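Chemist: Test case, fold it:
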Amino acid sequence: MARSMASETHFSDDHAADGSGMPSRSCTDVPCLVVFLGYVACMVGISIYAFQTGQPQKLTHGFDYKGQLCGVDKAVEDKPMLFWCPKGNKTLHGHPADLDIKHPVCMAECPSQELLSVHCFDNPKAHVKDLGGSFPDEQITIQTRTVRKHTYPSQAFAGMFCVPRFHEKQGHILGDEPLVQELLDSHGPIGNGYFRTAAALGSLRRSWQSVVIAVLLSVVFSYTYLFALRCAPYGTSIASIVIVMVASLTLGIYFVLASKLSGSWLTHYQNTNSLYKIFDTEYAQWVSWVLGMLLLFAFGFMACGLAAIRQSIKQATGCVRVAAECVFSMPTMMLTPCFEAIFKLVLWFALLSSLMWLLATAEVVPTSLDE
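Modeler: Purely as a prediction, here's the structure:
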């Protein structure tokens, strides 16, 4: 028996017992290593460029038509909100019929009434003067100015914009406002892809406290789950699956309701669904329906899977119990959730910070007269 066990220790009798007969280790994939090092060098170079030229405040503040960063640049340091002035004098039901999208201005806060006035960009006027002479000779002077215009009822959006809010008392949602739909359109100033990406990353910068709290809670829940597995592995496994299934079913029904409700129920639903606060009504309803169907499909898939492998789960709980005992018997393994949370937090912070600084390198050109 001892001889057979010794023979199984090595691949052949020619191998030394101490492993000295094995070939020395060497790099087996030099081309991929060169590509990887080149990739790392490019990433470092891009990050250095981003940190040198980027300005993260561009992701959390808006620019006026002069190219000034609201709430950051010295001239508008006390005006963090971006406001779009009414365009022309045309009104609809007592409110502006159109907005001057190309010439926003900075304001201290979003106006909630029409009694205020603000300096807005006026359309340039051309003056032509005939200089006389034997050949046609004209002098064209383009004059620009600012005029005071009355504000309109508005509310803060994304923490840095003022968008129209005309029907608050009637229970209308923000996405129903035609002027808001124009702003949130895919070609609008706060609806295009770049803005949505930049705003999403900027929101992480503004709410970093929530991210840290989420990381701490994940560590607490990780230890709670480990203790639960140690005490009742089968019940914990089934309870975890059931909780995920119930959450998928509940959220799926909630999102699908977007296309089924009407009247006051629909108004109340749209006011509680955050998708209607960042997208126009039709697009928000479509996104809600897609999310709802995906969640319901996930619920059905998990329900069928649970019914099919329930007995296998019961048999596997023995392995789960042994694994939990191994974790608790080795103190260093108990630190895994903490180390993993810290590592992921630092990694994501570094990657997202670099991406935010890179997006913030974009140049903003003031509105010119030829636009």
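Chemist: Pull the strand ranked longest in the chain out as CSV, backbone CA atoms only.
Modeler: Scanning the chain for the longest strand, with DSSP state E as the assignment, gives strand 99-107. C-alpha atoms of strand 99-107 as CSV (Å, rounded to 0.1, in the frame of the first residue of the first chain):
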residue,chain,number,x,y,z
LEU,A,99,-37.6,78.0,-24.8
ASP,A,100,-34.3,79.4,-26.0
ILE,A,101,-32.4,76.2,-25.8
LYS,A,102,-29.1,77.6,-27.2
HIS,A,103,-28.8,80.4,-24.7
PRO,A,104,-29.3,79.2,-21.1
VAL,A,105,-28.4,81.5,-18.1
CYS,A,106,-27.2,80.8,-14.6
MET,A,107,-29.5,81.5,-11.6
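Chemist: Can you list the helices and strands that the longest helix along the chain packs against?
Modeler: The single longest helix within the chain, with elements called by DSSP state H, is helix 281-329. Contacts defined by 3 or more Cβ pairs under 8 Å, 6 or more residues apart in numbering; DSSP states H and E place helix 281-329 against helix 208-231, helix 233-256, helix 275-278. Backbone N, C-alpha and C define where each C-beta goes, glycine included.
Chemist: Quick check: mean pLDDT of the following helix or strand past that helix?
Modeler: The C-terminal neighbour of helix 281-329 among helices and strands, as given by DSSP states H and E, is helix 336-359. Per-residue pLDDT over helix 336-359 has a mean of 82.
Chemist: packing partners for helix 336-359?
Modeler: Secondary-structure packing of helix 336-359 (3+ Cβ pairs under 8 Å, 6+ apart): helix 30-53, helix 193-206, helix 208-231.
Chemist: Recalculate using a threshold of 6 Å.
Modeler: Judged by 3 or more Cβ pairs under 6 Å, 6 or more residues apart in numbering; DSSP states H and E, helix 336-359 is in contact with helix 30-53, helix 208-231.
Chemist: got any ranges where the stretch 201-350 of the chain has weak pLDDT?
Modeler: For the stretch 201-350 of the chain, the stretches with pLDDT under 70 are 205.
Chemist: Swap in 90 and give it another go.
Modeler: Low-confidence segments of the stretch 201-350 of the chain (pLDDT under 90): 201-241, 257-287, 304-350.
Chemist: For burial, what's the neighbour tally of Ala284?
Modeler: By other Cβ atoms under 10 Å, 21 other residues sit near Ala284.
Chemist: give me phi/psi at Gln139?
Modeler: phi -110, psi 120 (degrees, to the nearest 10).
Chemist: List the beta-bridge partners for it.
Modeler: Beta-bridge partners for Gln139, by DSSP bridges, are Lys129.
Chemist: Quick check: can you list the domain ranges of the chain?
Modeler: 74-203, 207-329 (automatic domain parsing).
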